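> got a structure for you, letters missing:
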């Protein structure tokens, strides 16, 4: 939890946000409101928390924020816009059923879901996502706004660039570099470096 804040507002009201809200609650953190620009969601509840919207209204909210949007570019855009507010604080959502070594550096706004394992001396960047059941081994670097999807396995010393997306169930062998804003397809096995902005898939990934 960033800055020891006891209350958190969540940005986004989709499926990913449901898991973020549940994660925060399981971690003993009070979720006071959800904000979303979709007018159809106004007045509804997400896990019992009211969707107040729009996102701009979060500028005046108390406590810290966590951006609960799965799309990496949208998450970056929101972080840049909301981060302009003086004194803005970002929350981390780390599920108590995740295993995160004490040596791990977790950037502001990053989330780690249930069943994930993050090993010794790994680093998670700002607003990064380590999703359900993913494993991040020793000395990995997961960049800002990157998304490690459910069931992904990263070997030791893997570098995941800013905004990269690693699809469900893919595996990356040790020492590989995944470039910024690259995409790795679901179930792929990555045995060589991936260039920035590239999309790879298959076994081995090409």
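Structure's in. What do you need? Since this is a predicted model, take the numbers as computed values, not measurements.
> what's the domain layout of this structure?
2-82, 92-200 (automatic domain parsing).
> and residue 153, what are its bridge partners?
Counting by DSSP bridges, residue 153 is bridged to residue 135, residue 171.
> could you measure from the residue most central in space within the chain over to residue 191?
The residue lying closest to the centre of the chain (CA atoms, centre = their mean) is residue 129, at 2.1 Å. With distances taken as CB to CB, to the nearest Å, residue 129 is found 24 Å from residue 191. No exception for glycine: its C-beta is placed from N, CA and C like everyone else's.
> for residue 78, give me phi and psi.
phi -70, psi -40 (degrees, to the nearest 10).
> contacting residues around it?
11, 55, 67, 69 (CB atoms under 8 Å, 6 or more residues apart in numbering).
> circling back to that earlier point, tell me the bridge partners for the residue nearest to the centre of the chain.
residue 111, residue 147.
> quick check: it touching residue 70?
Yes - counting by CB atoms under 8 Å, residue 129 does reach residue 70; the two are 7.1 Å apart.
> tell me, what's touching these two both at once?
residue 147.
> what about the helices in the protein?
Under the criterion DSSP state H, helices of the chain are mapped to 15-26, 72-82.
> so which of those gets nearest residue 172?
Residue 172 lies closest to helix 72-82 among these, at 17.1 Å (CB to CB).
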